[in-house]
Structures are given as structure tokens and as C-alpha cells.
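Colleague: Coordinates for the following, if possible.
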Amino acid sequence: MITKKVPQQKRVFFQLVVLASLLSPCAFAAPLEDISLSAEKDRVVATIKLSGPIANVRYSPDKKGTVLNILLDKLPDGLATEEWIDNEVRKSPPSHQIPSFTVKTNLKQIQPKLIIEFSREAEYTVQMGRDGRSILVSIKIDQTLPKFDGKLPTLPDIKPLPANASDINKQAAALMLQGRNAMAASEHFAAIDAFNKLLLLPPNDYSQEGQEWVGVARERAGQRDKARLEYDLYLKLYTTGEGVERVKIRLSQLGAQVLTPPPSVTAEQRAAKARTSQSLSYGSISMHYYRGASKVDTRDTVSQFSNPLSESTFSALDQSALITSVNMTERFISEKYDNRIVFNDTAFANYLQSQSSRNRLNSAYYEVKNRVADYSIRVGRQSSTGGGVLGRFDGASVDFSVTSALRVKGVAGQLSDYAYGEKPVFYGISADMGPVTVYAIEQTVEDVSDRKAVGTELRYFDATKSAFSMFDFDTSYSVLNVAMFQGSFNATPDQTFNLYLDHRRAPYMSTRNALMSASTAYLTDLMQFLTEEEIRALAAARTGTSNLMSFGMTQRISPKWQVGGDIRVSNYDGFAASGTIDPATQQPTLAGVTTVTPGTGNELAFSPQLIGSNLFSSRDSTVISMSYISSAAYKAKSFYVYSRANVTDKWSLDASLQLYWQNYDTGVFMNRVMPMLRTAYQIRQSVSLEMDAGIEISHTDTGTQISDSNRQFFSAGFRWDF
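Modeller: As a prediction, the model looks like this:
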């Protein structure tokens, strides 16, 4: 087997992208932060971490399937709103215990969702993570071997296992059979993946056969150079057995010199190395081009100031961009350590004139995790894992176990999501005591106190109930930044209730809030004219408060259908005017002027849903959603239907339709219709092509003017998993 490492070309590309990422900020984000796996009893738990808080997670099918749809709500996080990139795809880390899977985002629709596709049917449960921004998918380990129909004499036979066979041999047998099935179906890249996983196991009864057949799979996949390397490695490791002559013949047919095994390389040495350490490299690269064009026809319906009625038409190319996403993970595993290098970057190349390109380095860190001493250190760009840290940062985090019931974590760094002005610097400490976390954090910007807070996170999880709550109190401003609770309760196996309560400052209380509407991005400029206390008073005046309550229910009504619904009440308190006018110039001072931001009053939303799965095949899903919104400013209704199916094993098709109507209290009326079609084709195990297209037709009537707009858009691209 060839140890999977990032080739030199990838390493150079990696370095260039990192350099480019550090040079330009942006205000958009890839929603999928990370996917990690951990073993728990008879299950593997996949933790899908998102870049913002979520709630009201529900899913279908509810027990097992090959396609899992996870419906969710995106919540405000107290920071500047970031646009989540849609159609982001992440592949699961390698695992021989569960089917591999991909996670795809579909978050800009009326009903946000994640689509998880397993390589074969899986049995699972889904629940919210402990940090309010992650989802836990517990996947049952498949203890049975896949079935294989038909016998092909050129493929390896699977020896019957004795009753006392080791777990390693059982895993190896399953992987050997998986590779054999893939070879029989001419899925050579799937076979390579299975044989490689087998060879990463400690030495077992199938190691020698696996080394031979990974070469055969590569040869049949057209990877002749890699096949030569695999055969050459086989002859270095093994000198006896019926496969030796076969490998020599295959190697000679490939035009390579047959090498005899040097005495310094033995199977025992390879076995010793495999027992002590291994290296895994995996990730993906995707490129998608987006293009959109709009046309707007406007006509007057009422003459103003005795002017004649007028008509106008405006059309323009409003989108032309290439989005490139790169994520790589290299993992080093031994009996003592489990270390990782992680890189995730998204580049937005804008081809419209006068509009700039952007780049977002989501993560680039090195993590050392000591299994024996039970500590971990992470250095580089990383995402917040709680403890009062507000977003992505460049720095270091350290956590270690003091006792079996107490874990301490320290963190320090510089927030990276600020595009202008000085970036805040912070340090903090937290302690995990079972289900309770307490923390304290201090943050400064330009040597001015920006945020001082203490807080706690409380968690509860069992088979039928889960709850997560968070409280963050700013001791410097003496205000409650966040008071949040979300929980779920499975009343019966077919019925689930969700509750979400949220009170928070929007944005979070911070001295930097004084710069809102200011004509400078630096507090030191303001301090030339204002005292620190005046700046702090200005920051408090420019910070609003939001409140949200949501209650939801999901009920299974048949093996293929679920009904659900949410009732949501929200409001924003707004804030008073602030800032001053220079009497000499009658212009705003450097601090700027903010006008009164009125509160929204209570907004009520009701959203029933009908969710179907496996209606026509084992891989289709359908979501039908409606909503009604009522507020002091407007009333709105919407209808949304989404359906997804796999036309073949390699070809999937998604279709959706959105209808939206809105009436403002001022008399303005608008409606919108948006059909959309998306398709993906798997060229081979690791490469897929993706394309979508749609049209958005809207009509707006203000009473004196009517506007009809038509926007057409499409995207096309590819993804390579390695």
C-alpha cells in the first residue's frame, strides 16, 4: 500500500492558497466548519459543526436510509450577519466502521436543510450538539458483511472466519469483501478505497492479499504508475505465497523492472510500524461558476405633478463569479497521539466591474492531542468552541484534564472576522465540570477595553431529552449579552417537541459598537474628541436587543410521512438616536449620527410542514412547507415544495418551487415565484459534476408604480474528493 500523503504539487498549492487567504478579508462564510467522528459503544458519532447557531432540528427518514434530510433554522448569533454559501459539500473522514457519507448544504431556501448521502444504507439517530451550532448523527456500526452474488475466479476469496476471530480480522474481512464487490461491479476507485482502508489496519490475515489487490484495482482504473508502486511494495514485503509469482508477472507486463526485496525491509518491520502509527490524508476541492442576469420593467399607474405616465426597462448582468473551496486534513495517529493539520478556504472571484473579489480562510491550524496525558493544543486559525469567544480567531487553545470530573481550557488570540480597523485581542479561561461549563473572558481593541464577560453553558442529554442553555453577562457594561435555551423531547418514538428561547444584545455588547455610523474605523480617532466613558456610552446607545421564542413539533403519521410545524414570535427593541452635529459645519462629527432605529414589535410566524421519504425509491425525499407571517409592518404568506431523487446510482436530481406574497401596511404589494432545478453526476468515486438553474419572477405594486422583474441564474462546477 502507498501511504496516503499530500503530493508535493498539493503542498505548493496549499501554501499559495494560504498566502492569498491572509491578504484579503470578506463577509461571507462556508457554513460547514468541520466533520469529525468518534466511537461510542456500538455507534460512531459524526459531529457536523456549522459556522453559526441553529435550532429546531428534525430529520427524515427517522431510523435508517441512504439519504438523510436534516431540516433546521438558522439563528442570529449577535455578530454581523454573514451570508452562508449554499451547495457546500463535505465528505466524511475515513472510517471502516460505518458507510462513508457526504454532507451538502441547502440553506438559502424557505426551509434550510442539510442533505446527507450514505454510500449504503445506514441506521442512525440525530440530535442537536452541545454547543448550539452542531448536529450529532449517531450511526450504528454495521456488523454484517455485504452480500456478493456470483463468483469470479479472478477475485480474491473471502476465507470463513473462525468463531474466535479477532476484531481486526473481522474488519479486514469486511473491507476485503467490500473491495471484491466493487471490483465485480467495475467500481475500481471504490475498490482502491476499500483495500487502502484494509491496509491501514494492523497486520492481519488479509494484509498480503490486500496489498496485491490494491495494485490490481489501480491497474484496472488506469493508474499504471501507482499500480507498479503497489506491486513493487508487495515484493518488498512478501517473499512467499502464491501471490508472489502473479505480482511478478503483472509487474513485468507493466514494463517495470522486478525488484527483489532488500533485506532491510521486512514484513515484521512493516507490521511494527503499522501497530505504532499511521497517516491519513483526505479532503476536497470544488469550483463552481455562478451567473445571473436581471430585467426590470417599470411603469407608472398614477401621474405625478402633471407629468405623463412613463415606462422604463432596465437589464443587467448582476452575477458572474467563481467560488473555489479547498479543505484538507492530514491526520497522524499513534497509540499516544492523534494529531491533525486542517486547512479550509473559500475564494470568491468576482468578474463584475467595480466589484471586488473576496477570500475567506475559514481554518488553518495544527492540533496536538495526547491520548495518554489527556491534553490537546490547537494553534492557528480556528473557530470558536464556546467559552465566550465570539467567532473565528487566530491564536491558540489548550485544554487538559485535571481530574476525571474537571477539564480546564485556556484560549488566546485575535478575532479574524473584522475587515476594517484593529482586530480585537482576547484571552479567556473555562472549566468543564460534566454538563456545566463556566468561563471568563477579556477582550481589548487598540488597548481599550472592548468586552469583559463571564458566562455558563449547561447541557443535558439522554435517549429521549436534550437541552442546552447559555448565559453571557458583560461585567464591564453590566448587561446580559445572551440568555438562551433550546431543548427537544421525544414524547414517543414517533413524536418530538422542540423549544427555543433567546434573548440577546444585537450585536453583542462591545466598545467597538461606538464605530457604527462613524467616519473612522479606529477608536483612537474617536478618543481625540471623546473620553473613554463617552465612547462607552455611545456604544451602549448603539446596541439593540432581540428576542425570539420558537416552539415546534414533529409527528410521524406513516412509515413514509411526517408532519411538523413551528410557531415563532420575535421582536427587536431597536435603539434611540445618537451622535452629534458640528454646529460650525452642520455636519456630523467623527462619531457620526445614527437615527432612531424603531423596534419591530412582535412578529408572529406559523410554518406547517409535510415531510416524505422513500416515496418512489430508497433514495428520494420530499418537503412541502407553508408559512404565514404577521407583523406591525407587513403580512406575508409562502409556499415551498422540494423534491430530491436519485435517477441512477450516479445521477441525482433536485427540484424546488417557491411562491411568496407580501402586503405592507403602507399599501405596497409584492409576490415572487422561483422554480429551480439542480442536478449532480458522479463521474467516478471521487469526482462529480454539479449544475443548477432557475428563474425568479417578481411583481411589485406600490399604488403609483408597478415593477415586473425577471431574473435568470445558473451555476456549474465540479468537486474532487481525495
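Colleague: May I have the residues that are in contact with the nearest residue in space to residue 564 that is not next to it in sequence?
Modeller: The shortest distance from residue 564 to any non-neighbouring residue, by CB to CB, 6 or more residues apart in numbering, is to residue 554 (4.0 Å). The C-beta positions use only the backbone N, C-alpha and C, and glycine is treated the same way. Residues counted as contacts of residue 554 (CB atoms under 8 Å, 6 or more residues apart in numbering) are 58, 495, 496, 498, 562, 563, 564, 611.
Colleague: Compile the residues you listed into JSON lines and extend it with columns for neighbour count, pLDDT and secondary structure.
Modeller: Putting the contacts of residue 554 into JSON lines (neighbours: other CB atoms under 10 Å; pLDDT from 0 to 100; DSSP: H, G, I helix; E, B strand; the rest coil) gives the following:
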{"residue": "58", "neighbour count": "22", "pLDDT": "80", "secondary structure": "strand"}
{"residue": "495", "neighbour count": "13", "pLDDT": "91", "secondary structure": "strand"}
{"residue": "496", "neighbour count": "23", "pLDDT": "90", "secondary structure": "strand"}
{"residue": "498", "neighbour count": "22", "pLDDT": "90", "secondary structure": "strand"}
{"residue": "562", "neighbour count": "24", "pLDDT": "92", "secondary structure": "strand"}
{"residue": "563", "neighbour count": "15", "pLDDT": "94", "secondary structure": "strand"}
{"residue": "564", "neighbour count": "22", "pLDDT": "90", "secondary structure": "strand"}
{"residue": "611", "neighbour count": "25", "pLDDT": "91", "secondary structure": "strand"}
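Colleague: which residues touch residue 721?
Modeller: Residue 721 touches 91, 102, 282, 283, 284, 686, 687, counting by CB under 8 Å, 6+ apart.
Colleague: which of those has the most neighbours?
Modeller: residue 283 (21 neighbours; other CB atoms under 10 Å).
Colleague: re the thing from before, among the contacts of residue 721, which ones are in strands?
Modeller: 91, 102, 282, 283, 284, 687 (DSSP state E).
Colleague: Take the contacts of residue 721 and lay them out in CSV including pLDDT.
Modeller: Formatted as CSV, these follow (pLDDT from 0 to 100):
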residue, pLDDT
91, 86
102, 88
282, 85
283, 88
284, 89
686, 81
687, 89
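Colleague: tell me the phi and psi of the residue nearest to residue 564?
Modeller: The phi/psi pair for residue 554 (degrees, to the nearest 10) reads phi -130, psi 130.
Colleague: Looking at the contacts of residue 554, which is nearest residue 526?
Modeller: Minimum distance to residue 526 across the contacts of residue 554 is 43.7 Å, recorded for residue 498 (CB to CB).
Colleague: re the thing from before, out of the ones in strands among the contacts of residue 721, give me the two with the largest separation.
Modeller: So, the ones in strands among the contacts of residue 721 by CB to CB: farthest apart are 282 and 687, at 14.6 Å.
Colleague: one step back: CSV please, covering the contacts of residue 721 and showing distance to residue 319.
Modeller: CSV is the format used below for the contacts of residue 721 (distance: CB to CB, whole Å):
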residue, distance to residue 319
91, 27
102, 26
282, 32
283, 28
284, 24
686, 29
687, 26
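Colleague: what's residue 206 in contact with, if anything?
Modeller: Per CB under 8 Å, 6+ apart, neighbours of residue 206: 169, 172, 173, 175, 176, 198.
Colleague: Count the neighbours of the fifth one for me.
Modeller: Using other CB under 10 Å, the number of residues around residue 176 comes to 25.
Colleague: State the distance from the residue nearest to it when sequence neighbours are not counted to residue 317.
Modeller: Closest residue to residue 176 apart from its sequence neighbours, by CB to CB, 6+ apart: residue 206 at 4.8 Å. Using CB to CB, to the nearest Å, residue 206 is found at 57 Å from residue 317.
Colleague: For the protein, just list every one of the helices.
Modeller: All helices of the chain, identified by DSSP state H, fall at 8-21, 167-184, 188-200, 207-220, 224-237, 243-253, 267-276, 523-526, 532-541.
Colleague: so what's the residue lying closest to residue 132 once chain neighbours are set aside scoring on pLDDT?
Modeller: With CB to CB, 6+ apart as the criterion, residue 132 has its nearest non-adjacent residue at 5.0 Å, and that residue is residue 53. Model confidence at residue 53, given as pLDDT, is 79.
Colleague: Quick check: residue 53 vs residue 617, distance?
Modeller: 35 Å.
Colleague: Look at these two and report which has more neighbours.
Modeller: Neighbour tally, residue 53 and residue 617, criterion other CB under 10 Å: the higher count belongs to residue 53, 22 against 11.
Colleague: Let me know whether that one touches residue 75 as I believe.
Modeller: Yes - if you go by CB atoms under 8 Å, residue 53 and residue 75 touch, sitting 4.3 Å apart.
Colleague: quick revisit: closest to residue 355 among the contacts of residue 721?
Modeller: residue 284 (27.2 Å).
Colleague: residues contacting the closest one?
Modeller: 89, 90, 91, 325, 326, 327, 719, 720, 721, 722.
Colleague: Report the separation between the closest residue in space to residue 690 that isn't next to it in sequence and residue 241.
Modeller: Once flanking residues are discounted, residue 690 sits nearest to residue 680: 4.5 Å by CB to CB, 6+ apart. Going from residue 680 to residue 241 by CB to CB gives 43 Å.
Colleague: The two: which has the busier surroundings?
Modeller: residue 680 (21 against 13).
Colleague: Can you give me the pLDDT of that one?
Modeller: For residue 680, pLDDT reads 91.
Colleague: roughly how far apart are it and residue 717?
Modeller: Here the criterion is CB to CB. By it, residue 680 lies 10 Å from residue 717.
Colleague: cool, residue 113 as well?
Modeller: 20 Å.
Colleague: what do you get for residue 479?
Modeller: 45 Å.
Colleague: Neighbour count: those two, which is higher?
Modeller: For residue 479 versus residue 717, neighbours defined as other CB under 10 Å are more numerous around residue 717 (19 against 16).
Colleague: Residues in a beta bridge with that one, which ones?
Modeller: residue 288, residue 690 (DSSP bridges).
Colleague: Can you name the residues that contact it?
Modeller: With contact taken as CB under 8 Å, 6+ apart, residue 717 is in contact with 286, 287, 288, 289, 689, 690, 691.
Colleague: which of these are buried?
Modeller: 286, 287, 288, 289, 690, 691 (16 or more other CB atoms under 10 Å).
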